[in-house]
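Participant: got a structure for you, letters missing:
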Ligand SMILES: Cc1ncc(COP(=O)(O)O)c(C=O)c1O
């Protein structure tokens with residue numbers, strides 16, 4: 001650190017070279033590689049400016065015009081703007097829907113919903129994690145309640161059909177009738193087909209459950225009307241704002257207001273979600289809202305209403321379909337037979353390389369993705385697939401032809417992986433060792449080709465940090 005009088009008004013790069021250099025290295029990594037983790041994206045320069053603004057300094061516990069702290073005149077305006085724009089982005093009427101923009105991220109948003117409307121140890125049903133659901137949809141294993149959503153609530157998962165890779169709605173309907181959950185969650189982290197929200201709604205109505213969509217992965221596609229909207233059928237919708245929506249790292253909860261149902265007697269039953277969800281977020285689970293993130297939400301929701309954003313989302317899907325097509329031409333098996341969205345799940349069982357090995361070797365050549373279970377996998381610890389997404393590459397301006405090239409890179413890398421495995425045998429530790437010792441030159445060559453290709457596509461944000 002510099003020995004000058006005060007550090008308070010110096011730039012990071014003047015002050016802390018050690019830290020700044022690491023941030024710069026991360027920026028170079030982002031530029032030189034292909035980011036294919038389906039939940040990631042590059043946010044805009046203007047959202048970054050919100051995140052690095054004076055709003056980070058302010059406490060504002062409570063809601064607009066009802067705060068526990070003074071000095072919130074402008075914070076109130078920002079949060080109100082974020083609420084208004086969030087509703088407008090999804091074409092929602094403020095008499096029918098309310099929104100809370102304070103959750104710090106997607107996981108706290110989901111936990112707040114369960115806290116607000118499901119009593120302790122009340123029942124929830126979500127898509128099982130190995131089948132494409134998320135941790136926060138109640139994930140547990142035979143040995144362990146992994147997610148806090150399984151410790152404090154009682155989940156029962158539903159599954160995909162192991163043959164088709166599609167959600168088994170009949171099985172869900174049957175289990176829901178017996179289990180009688182308070183809440184059914186329609187949401188995915190790894191599933192390449194659109195969800196049948198109408199069917200989910202019928203199943204929820206059948207057992208008197210609330211229906212919540214967690215559209216974190218697909219909210220950008222929903223905003224651009226590229227895929228069907230969950231709002232037509234759901235009582236609650238949660239989302240992260242940093243995935244396809246391309247905003248700040250944060251979370252949002254939408255909830256219905258007004259009449260929930262009319263009884264045969266004509267009596268109207270009203271929704272009571274607003275107070276319960278707002279109170280669960282604060283003071284139930286959180287303290288002061290992150291106002292810099294909320295400003296970023298206000299901004300990204302406005303950006304999501306533009307023609308540029310719509311074109312971007314259409315391209316995200318076209319790119320995922322182009323990637324899928326080319327990989328299929330190379331002989332790969334794509335789970336669910338293709339994609340309607342921003343991601344594909346490649347089943348590597350027939351190829352004979354595990355998801356873990358594929359993830360490792362792709363990472364070595366600057367292609368970032370994640371290993372993933374595929375339908376029918378016996379072990380979540382040794383999954384047979386990789387998940388590949390196109391939101392980040394599309395933000396860099398890539399089109400279908402570029403994704404064909406990316407598919408070729410992936411194919412060459414997987415083939416190199418098979419060559420390494422021939423020498424190393426099946427264990428991942430041996431595979432890594434042999435790769436780094438005996439295949440250094442081949443890896444370096446592929447990595448340089450990927451790097452040269454990646455550097456042709458610009459990244460939004462600050463130039464070098
Ligand atoms: C469907 C879904 N819900 C919730 C989350 C959690 O979001 P966060 O990581 O912001 O807590 C994720 C994150 O990947 C997700 O995919």
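Facilitator: That came through fine. Please read these numbers as outputs of a predicted model, since none were measured by experiment.
Participant: the ligand contacts on the protein?
Facilitator: 39, 105-107, 110, 134, 136, 187, 189, 214, 216-217, 240 (Cβ under 6 Å from any ligand atom). Bear in mind the C-beta positions are built from the backbone N, C-alpha and C, glycine included.
Participant: which single one of those residues is nearest to residue 11?
Facilitator: Nearest to residue 11 among the residues of the chain next to the ligand: residue 105, at 28.0 Å, using Cβ to Cβ.
Participant: need the pLDDT of the nearest residue in space to the closest one that is not next to it in sequence.
Facilitator: Excluding its sequence neighbours, the residue lying closest to residue 105 (Cβ to Cβ, 6 or more residues apart in numbering) is residue 251, at 4.8 Å. Reported pLDDT at residue 251 in the predicted model: 98.
Participant: swap in residue 376?
Facilitator: pLDDT at residue 376 comes out at 84.
Participant: beta partners for the residue nearest to residue 105?
Facilitator: As for beta bridges, residue 251 partners with residue 240 under DSSP bridges.
Participant: enumerate every residue touching it.
Facilitator: 103, 104, 105, 106, 107, 108, 109, 238, 239, 240, 241 (Cβ atoms under 8 Å, 6 or more residues apart in numbering).
Participant: can you redo these as a markdown table with pLDDT, neighbour count and secondary structure?
Facilitator: Formatted as a markdown table, those follow (pLDDT from 0 to 100; neighbours: other Cβ atoms under 10 Å; DSSP: H, G, I helix; E, B strand; the rest coil):
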| residue | pLDDT | neighbour count | secondary structure |
| --- | --- | --- | --- |
| 103 | 98 | 30 | coil |
| 104 | 98 | 18 | coil |
| 105 | 98 | 17 | coil |
| 106 | 98 | 26 | helix |
| 107 | 98 | 19 | helix |
| 108 | 98 | 21 | helix |
| 109 | 98 | 28 | helix |
| 238 | 98 | 31 | strand |
| 239 | 98 | 31 | strand |
| 240 | 98 | 25 | strand |
| 241 | 98 | 32 | coil |
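Participant: between those residues, which is nearest the ligand?
Facilitator: Nearest to the ligand among the contacts of residue 251, counting by Cβ to the nearest ligand atom, is residue 106 at 2.4 Å.
Participant: which non-adjacent residue is nearest the closest one?
Facilitator: residue 240 (3.8 Å).
Participant: sorry, back to before: CSV for the residues of the chain next to the ligand, including distance to residue 460?
Facilitator: Output for those, formatted as CSV (distance: Cβ to Cβ, whole Å):
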residue, distance to residue 460
39, 18
105, 21
106, 22
107, 26
110, 28
134, 27
136, 29
187, 27
189, 24
214, 26
216, 21
217, 21
240, 19
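Participant: strands of the stretch 1-150 of the chain, start to end?
Facilitator: Taking DSSP state E, counting those that start in this stretch as the criterion, the stretch 1-150 of the chain carries its strands at 34-35, 62-63, 66-67, 97-100, 123-125.
Participant: from the ligand, how far off is residue 27?
Facilitator: Look at residue 27 and the ligand: by Cβ to the nearest ligand atom, to the nearest Å, they are 21 Å apart.
Participant: nope, residue 91 is what I meant
Facilitator: With Cβ to the nearest ligand atom as the criterion, residue 91 and the ligand are 22 Å apart.
Participant: now do residue 323
Facilitator: Counting by Cβ to the nearest ligand atom - residue 323 and the ligand are separated by 20 Å.
Participant: for residue 403, same thing?
Facilitator: Distance from residue 403 to the ligand, by Cβ to the nearest ligand atom: 22 Å.
Participant: which residue is it, in the stretch 201-350 of the chain, that comes closest to the ligand?
Facilitator: residue 216 (3.7 Å).
Participant: quick check: longest helix of this protein.
Facilitator: helix 400-424 (DSSP state H).
Participant: give the other helices and strands that the very next helix or strand once past it contacts.
Facilitator: Next in sequence after helix 400-424, counting helices and strands by DSSP states H and E, comes helix 428-438. Other helices and strands packing on helix 428-438, by 3 or more Cβ pairs under 8 Å, 6 or more residues apart in numbering; DSSP states H and E, are helix 355-364, helix 400-424.
Participant: tell me what angle helix 428-438 forms with helix 400-424.
Facilitator: In terms of direction (axes from the mean of the first three to the mean of the last three Cα atoms, to 10 degrees), helix 428-438 departs from helix 400-424 by 100 degrees.
Participant: list of residues touching helix 428-438?
Facilitator: Contacts for helix 428-438 (Cβ under 8 Å, 6+ apart): 354, 356-357, 360-361, 364, 417, 420-421, 423-425, 443.
Participant: same thing but 7 Å
Facilitator: Contacting residues not belonging to helix 428-438 are listed as 356, 357, 360, 361, 364, 420, 421, 423, 424, 443 [Cβ atoms under 7 Å, 6 or more residues apart in numbering].
Participant: who does the helix or strand just after that helix touch, helix- and strand-wise?
Facilitator: Per DSSP H and E, the first helix or strand lying C-terminal to helix 428-438 is helix 440-454. Under the contact criterion of 3 or more Cβ pairs under 7 Å, 6 or more residues apart in numbering; DSSP states H and E, helix 440-454 touches helix 17-32, helix 400-424.
Participant: ok, back up a step: my guess is the residue nearest to residue 106 contacts residue 104. True?
Facilitator: No: using Cβ atoms under 7 Å, residue 240 is not in contact with residue 104, being 10.5 Å away.
Participant: what bits of this structure have low per-residue confidence?
Facilitator: Counting by pLDDT under 70, the chain has low-confidence residues at 1-4.
Participant: tell me the domain boundaries of it?
Facilitator: Under the assignment the TED database, the domains of the chain span 54-304, 307-455.
Participant: residue 259: neighbouring residues, count only.
Facilitator: 11 (other Cβ atoms under 10 Å).
Participant: who's in contact with the closest residue in space to residue 35 that isn't next to it in sequence?
Facilitator: Of all residues not flanking residue 35 in the chain, residue 392 sits nearest, at 3.9 Å (Cβ to Cβ, 6+ apart). Residue 392 makes contact with 35, 40, 41, 42 under the criterion Cβ under 7 Å, 6+ apart.
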